[in-house]
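[1] got a predicted model here, sequence first, then my questions.
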Amino acid sequence: MENIKTYANDLIEFFLKRYKLQNTPDVSFQQDAQNSQNPLGKTAQYDPTGQSITIFTTGRHIKDCLRSLAHELVHHMQNERGDLDSCQGTPPGYAQEDDHMREMEREAYEKGNMCFRDWEDRLKQLQETNYLAKKQKGDAKMSEKEWRRGELNEMLMETWGFKPKKGSFLNETGGMASYDLSNADYKTGQLEETPEDLEKVEEGEVLDTHPHAAGTKQAALDEKEDLEEQKLRKTINSIIKELM
């Protein structure tokens, strides 16, 4: 029940927009252990005079409580239309003995349930759309990184396949190329982070939980990664020139 108010506010807004109501009813969620022990106890009620809705939550699923809210919202709509002006309360049997109130209940069940269903389906579609958008964005970013790393790896493999020139600092040892940089006439670019550090960055361990802060930090990390890649490319190009 911790998030019931968040869902309830969204459902109320959805209902008010659909039926263009003028006033927002007061909604309260009430716990009543004794009522919850009664199989035929109260689930919700609407007060036309105070324009207020009470939802009983003890022992109930949040979805069931929200469905009751949608039902009572229809009664609020009926009250705005003036259909409850002659209502003399809701004594036992009123839905069977009073034709007008029976029609009010029929409308509340029909429109309340359908409005709740439409709201629920809309919310699920939004959640699925957001999930897919985030997943596709993440997959595209990973694909780009994999392609760039694959390109660098291919450049290195091609480089190691060349025969070194005479006097080069690249020596063949047992069929595998190894570098001796002791006599190199240029400095190689070095990464400031270890591979473990880079993996932590990619996994998002250092990102702030605030969405705006996380986006800013991620952009800075991406820019830093691009700079390190440029350094590595320069190093590879220098090696290739040495081998040509």
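    Arrived safely.
[2] give me the domain ranges for this structure.
    4-127, 162-243 (automatic domain parsing).
[3] end-to-end on the first one?
    By that I understand domain 4-127. 17 Å (C-alpha to C-alpha, to the nearest Å).
[4] now do the strands in this structure.
    26-30, 44-47, 52-56, 170-173, 176-179 (DSSP state E).
[5] hang on, residue 80 packs against residue 21?
    Yes. Under the criterion of C-beta atoms under 8 Å, residue 80 is in contact with residue 21, at a separation of 5.9 Å. For every residue, glycine as well, the C-beta is placed using N, CA and C.
[6] before we move on, the earlier item: comparing the domains of the chain, which yields the minimum mean pLDDT?
    Mean pLDDT values for those show the minimum at domain 162-243, a mean of 55.
[7] tell me the contacts of residue 80?
    By C-beta atoms under 8 Å, 6 or more residues apart in numbering, residue 80 lies in contact with 21, 22, 23.
[8] ok, now how distant is the residue nearest to the second one when sequence neighbours are not counted from residue 99?
    When you say that, I think you mean residue 22. Using C-beta to C-beta, 6 or more residues apart in numbering and skipping the chain neighbours, the partner closest in space to residue 22 is residue 80 (6.3 Å). In this view, residue 80 and residue 99 are 21 Å apart by C-beta to C-beta, to the nearest Å.
[9] same thing with residue 109?
    Counting by C-beta to C-beta, the gap from residue 109 to residue 99 is 16 Å.
[10] if you count surrounding residues, which of the two has more?
    Using other C-beta atoms under 10 Å as the criterion, residue 109 and residue 99 rank with residue 109 on top: 13 against 9.
[11] on that earlier part again, export the contacts of residue 80 as TSV, with columns for neighbour count and distance to residue 72.
    Output for the contacts of residue 80, formatted as TSV (neighbours: other C-beta atoms under 10 Å; distance: C-beta to C-beta, whole Å):
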residue	neighbour count	distance to residue 72
21	17	13
22	6	17
23	10	14
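[12] can you count the residues close to residue 101?
    19.
[13] hmm, it is touching residue 94, no?
    Yes. Using C-beta under 8 Å, residue 101 makes contact with residue 94 at a distance of 5.1 Å.
[14] need the helices for this protein, in chain order.
    Shown for the chain, the helices assigned by DSSP state H span residues 4-19, 33-36, 62-81, 94-97, 99-161, 195-202, 211-243.
[15] check which residues of stretch 2-12 are buried.
    4, 7, 8, 11, 12 (16 or more other C-beta atoms under 10 Å).
[16] residue 59: which of those is nearest?
    Minimum distance to residue 59 across the buried residues of stretch 2-12 is 13.8 Å, recorded for residue 4 (C-beta to C-beta).
[17] show me the contacts for that closest one.
    29, 57, 62, 65, 66.
[18] ok, the fourth one to residue 44 distance?
    In this case it means residue 65. In terms of C-beta to C-beta, residue 65 sits 8 Å off from residue 44.
[19] tally of neighbours for residue 92?
    Neighbours of residue 92 using other C-beta under 10 Å come to 7.
[20] measure it to residue 79 for me?
    Counting by C-beta to C-beta - residue 92 and residue 79 are separated by 21 Å.
[21] for residue 73, same thing?
    Counting by C-beta to C-beta, the gap from residue 73 to residue 79 is 10 Å.
[22] more crowded one of those two?
    residue 73 (28 against 21).
[23] okay but that one is in contact with residue 55, surely?
    No. With contact defined as C-beta under 8 Å, residue 73 does not count as touching residue 55 (10.9 Å).
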